[in-house]
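**Student:** Dropping the sequence and predicted coords here.
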Amino acid sequence: MKLYGGWKIVAGLILFLLVVTFPFWYGGLRVTAAPDLKLDTPAIDQLTKKRCIEDAAFMRSNHMKLLGQWQELVVREGIRSYTATDGRVHQISLSASCLGCHSNKSKFCDRCHDYTGVKPKCYSCHIVPKEVP
């Protein structure tokens, strides 16, 4: 049995495989170092125990989920306090809770968001904070 246009099929399969696997091999070629986050703000320097709302591992992977949960609690239910897993109670406020310590948006928030390629919509509603050196 003779396959008509066999070279076209092979070329099409190769092209298909290149297009489908492009993100994998392109991403593997672009290795960049993780951002150097600056946690040396005046508010953090004054803390005796350097603790965030939740532990660092949780905040690295779940801070956007937490902020989304906070948004729902405040906007939909009118709840303005959050009890952390260790029992501490925090005011639900991007400005007071988060940016009270992380006042260096360009050295902290922006570096991680640029590294991961995400564009959060926080500042479509919230005012961009003034940088504190």
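**Tutor:** Cool, the structure landed. Residues are numbered from 1 along each chain as shown.
**Student:** residue closest to the middle of this protein?
**Tutor:** The central residue of the chain, meaning the one whose C-alpha is nearest the mean C-alpha position (Cα atoms, centre = their mean), is His113 at 5.4 Å.
**Student:** which stretch of helix or strand covers that one?
**Tutor:** The secondary structure element spanning His113 is helix 109-116 (assigned by DSSP states H and E).
**Student:** Report all helices and strands that that helix contacts.
**Tutor:** Helices and strands touching helix 109-116, as assessed by 3 or more Cβ pairs under 8 Å, 6 or more residues apart in numbering; DSSP states H and E, are absent. The C-beta positions use only the backbone N, C-alpha and C, and glycine is treated the same way.
**Student:** ok, and for it, which residues are buried?
**Tutor:** Applying a neighbour-count criterion of 16 or more other Cβ atoms under 10 Å, one finds Cys109, Arg111 buried in helix 109-116.
**Student:** Other residues contacting that helix?
**Tutor:** By Cβ atoms under 8 Å, 6 or more residues apart in numbering, the residues outside helix 109-116 that reach it are Thr32, Ala34, Pro35, Asp36, Leu37, His102, Lys119, Pro120.
**Student:** Tell me how far that helix lies from the chain's centre.
**Tutor:** With Cα atoms, centre = their mean, to the nearest Å as the basis, the distance from the averaged C-alpha position of helix 109-116 to the chain average is 7 Å.
**Student:** Alright, calling it a day.
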